[in-house]
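Peer 1: Based on what follows, work out the 3D shape:
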Amino acid sequence: MKYSCVIVDDEPLAHEVLEGYISKFEELALAKKYFNAREAEIYLQANSVDLLFLDIQMPEMDGIAATRRIHETMSRASRRTRIRAA
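Peer 2: Numbers count the residues shown, from 1 in each chain. Below is the predicted model:
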């Protein structure tokens, strides 16, 4: 079984590090990556993912606010996503 992952971080280097980490595990598949939480939120309204790698400090919407909004979105849709903050 493969777990789909989404990266949300405003730093390109963090994307590289997380992509490298994800690629080391056969069980993980990178579905999407975003540089801001608003874009990820739109994607997650229509798509399910298993793991969300989310930065805490980002412009516009920080990771904590994004976690709340994503959790609310997923709850309304009766879906679950594991959120990992970095």
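
Peer 1: going forward, measure contacts between C-alpha atoms and count neighbours the same way
Peer 2: OK.

Peer 1: Tell me the buried residues in the strand or helix carrying residue 19?
Peer 2: Element membership for residue 19, per DSSP states H and E: helix 12-23. Neighbour counts over helix 12-23 (16 or more other Cα atoms under 10 Å) mark 15, 19, 22 as buried.

Peer 1: Can you list the strands that the helix or strand following that helix pairs with?
Peer 2: Using DSSP H and E, the helix or strand that follows helix 12-23 towards the C-terminus is strand 28-34. Here strand 28-34 is paired, per DSSP bridges, with strand 3-8 (parallel).

Peer 1: Go ahead and name everything in contact with the partner strand.
Peer 2: 15, 18, 27-37, 40, 49-55 (Cα atoms under 8 Å, 6 or more residues apart in numbering).

Peer 1: Can you select the buried ones from those in ChimeraX?
Peer 2: The following ChimeraX selection, which keeps only the buried ones among those, applies the criterion 16+ other Cα under 10 Å:
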select :15,28,29,30,33,34,35,36,37,40,49,50,51,52,53,54,55
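
Peer 1: hey, which helix is longest across the protein?
Peer 2: The longest helix of the chain (DSSP state H) is helix 63-76.
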